[in-house]
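Novice: Fold the following for me, if possible:
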Amino acid sequence: MSATAPGFIRARYLIETPLEPAAVAEVMAGEQSCGTFTRVEGETDALRERARATVEAITELEAADAPSLPNALLERKGAKGPWRRAHVDIAFPVANIGANLPTLAATVSGNLYDLGEVTGLRLESLQLPADYRARFEMPRAGIAGTRRATGVESGALVGTIIKPNVGLRASETAELVGRLCAAGVDFIKDDEVCADPAHAPLAERVPAVMAVVRAHRERTGKHVMVAFNITDETDAMKRHADLVEREGGSCVMASLNWCGHSGIQTLRRHTGLALHGHRNGYGALSRHPLLGISFQAYQTLWRLAGVDHMHVHGLQGKFSQPDSEVVESARDCFTPLTEAADDRVMPAFSSGQWAGTVPATWAAVGSDDLLFMAGGGILAHPDGAAAGVASIRQAWSAARAGIALADAAREQLELARALAFFGKP
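Specialist: A predicted model of the protein is given here:
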C-alpha cells in the first residue's frame, strides 16, 4: 500500500467473488461511505467527491475452484466460478469518522462481511495518518513503563497464569501468588474466565493478593506485576481499577472482544494502570483465511484504545495458529502505528509455553521486550515453581548466547529436569 496521506485511512482487503473484482471494490467503497446499492436523491457529485471512499488499487490473485463461504444471494442467481480473489486497497475519508473508534471499526469492517457480492472477505491491514492516530489513546506503560514497574531492565519478563483457572478462593489465590513471587516471576495474571466469581470476588481477592505482593516487595525490593482480570460492564471495571490502584497494584486485564472498544477506551481514560489486553475470542474473527480480520488490523484498533500489552499466543503452543502468525503478530506489536510517536506495546506470549519453546521464540523475534508466560511450564515443573522459572531464564540465556538447550542443560539442573519432564524441544 502507498504511504498514508493526511485525511485518509487506508485499508487492504482480501476478497473472493465470482464477479469482476473492480466492480465489487466499488460496491465496498460505496457501502462503507456515502452510497448504497443504488444512487439515491441527495447523493450529489459534490457529496461523493467529499465523502465517498476511493478504490486505490486492485491486485488480482490466483482464483479458487470453489467458494470459501456460502452466499445465498449468489446461489439464487446461479453464480458459477471461477471464484476470483484479489487484494483491494480502499481509502476512507477521516472526516466521515472523526476520533470515533467504534465508528472506525464499523467503517473498515461492518457490513462488508455480509455483502452479497463476495464469498470471502478479510480485512488485512490498516494504515493511519499520524495526525489521526494522535487523536486517540496512547499506552500508559507500554514496553518501557512495564519494565520500570517490574524493575526488569533486560531480558524477557517471565510470567505465569493463576492455575487452576477458576475455583480458588481469595485466600488460596493469595497463597499461590506468594509462592509465585518467591519463585521469581516478574508477572502474574488471572485467567480470562476468572474475573469476579462468587468464591473469590475482586473485593476480597485484590486486597488479599496485594498484601502478599507488598510484603514480597518489602522483603526483596521486587514489585511483581499482577494483572487482575476486571472484565465487566464499564462502571464496574472503573471501580475495580480504583481498588487495584488503592492496594498498590500496577496492572489490570480486560477481555477486549467482550468489553468492546468503547469500554476499553473508557477504562484507559479512567486509570493510569498498565492495561493488559487479552484477545480471547479472536479466533472467531481470524481462523478462516477468507473471513474476518488479520492481527495487524485488529491490534491497530485496540492500540487506539490505549492498551499496553497484547496477547499473541505462543510458538509451538497449544492453539491453532501457525508459528508464522504468532511471529508476525509480535512484530506488529513492536511496530509503531505511525512514525510520529513510540506507541509500541509489549507482546504477551502464552499458551503451552515452557523452557523448550524459548529458542524458537528468541530465534523468531530476536527481542527481550516481551512477556513470556508459562502456566504449566512453571507450575508443573517437577521440582516446583521456582525451578520452572529458573528453567525458563536458563533457556533464555542459552538461546541468546546461541547455545543448544541440551548443551546448556548439562550444567543447569532446572533446565535439564524441564527437558526431561516436558519433552525435548
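
Novice: I'd like the distance between the closest residue to Gln412 other than its chain neighbours and Ile188.
Specialist: Excluding the flanking residues, the one nearest Gln412 by CB to CB, 6 or more residues apart in numbering is Gln394, at 4.6 Å. In this view, the C-beta of every residue, glycine as well, is placed from N, C-alpha and C. Gln394 sits 20 Å away from Ile188, going by CB to CB, to the nearest Å.

Novice: Please name every helix or strand in contact with the strand or helix carrying Ala227.
Specialist: Assigned by DSSP states H and E, Ala227 belongs to strand 225-229. Judged by 3 or more CB pairs under 8 Å, 6 or more residues apart in numbering; DSSP states H and E, strand 225-229 is in contact with helix 142-150, strand 187-189, helix 202-220, strand 251-255, strand 274-278.

Novice: quick one: contacts of the third one?
Specialist: Put plainly, it is helix 202-220. Helix 202-220 is contacted by residues 170-171, 173-175, 177-178, 181-182, 195-196, 222-224, 226, 228, 230, 240, 243-244, 247-249 when judged by CB atoms under 8 Å, 6 or more residues apart in numbering.

Novice: Quick check: mean pLDDT of stretch 411-422?
Specialist: In this model, stretch 411-422 has an average pLDDT of 96.

Novice: for the helices and strands packed on strand 225-229, which one sits closest to Leu73?
Specialist: Leu73 lies closest, by CB to CB, to one member of the helices and strands packed on strand 225-229: strand 251-255, at 34.3 Å.

Novice: Show me what that closest one pairs with in its sheet, parallel or antiparallel.
Specialist: Using DSSP bridges, the strands paired with strand 251-255 are strand 225-229 (parallel), strand 274-278 (parallel).

Novice: Determine which of those strands approaches Ala401 most closely.
Specialist: When the strands paired with strand 251-255 are compared by CB to CB, strand 225-229 sits nearest Ala401, at 26.8 Å.

Novice: tilt between the closest one and helix 202-220?
Specialist: In terms of direction (axes from the mean of the first three to the mean of the last three CA atoms, to 10 degrees), strand 225-229 departs from helix 202-220 by 180 degrees.

Novice: What average pLDDT does strand 225-229 get?
Specialist: 98.

Novice: which residues are in contact with that strand?
Specialist: Contacts of strand 225-229 (CB under 8 Å, 6+ apart): 146, 149-150, 177, 186-192, 194-195, 202, 205-206, 209-210, 213, 240, 244, 249-255, 274, 276, 278, 309.

Novice: picking up where we left off before, quick one: contacts for the residue nearest to Gln412?
Specialist: Ala355, Ala408, Ala409, Gln412, Glu414, Leu415.

Novice: what about the helix or strand containing it, distance to the chain center?
Specialist: For Gln394, the element it lies in under DSSP H and E is helix 385-401. Distance of helix 385-401 from the chain centroid (CA atoms, centre = their mean, to the nearest Å) equals 25 Å.
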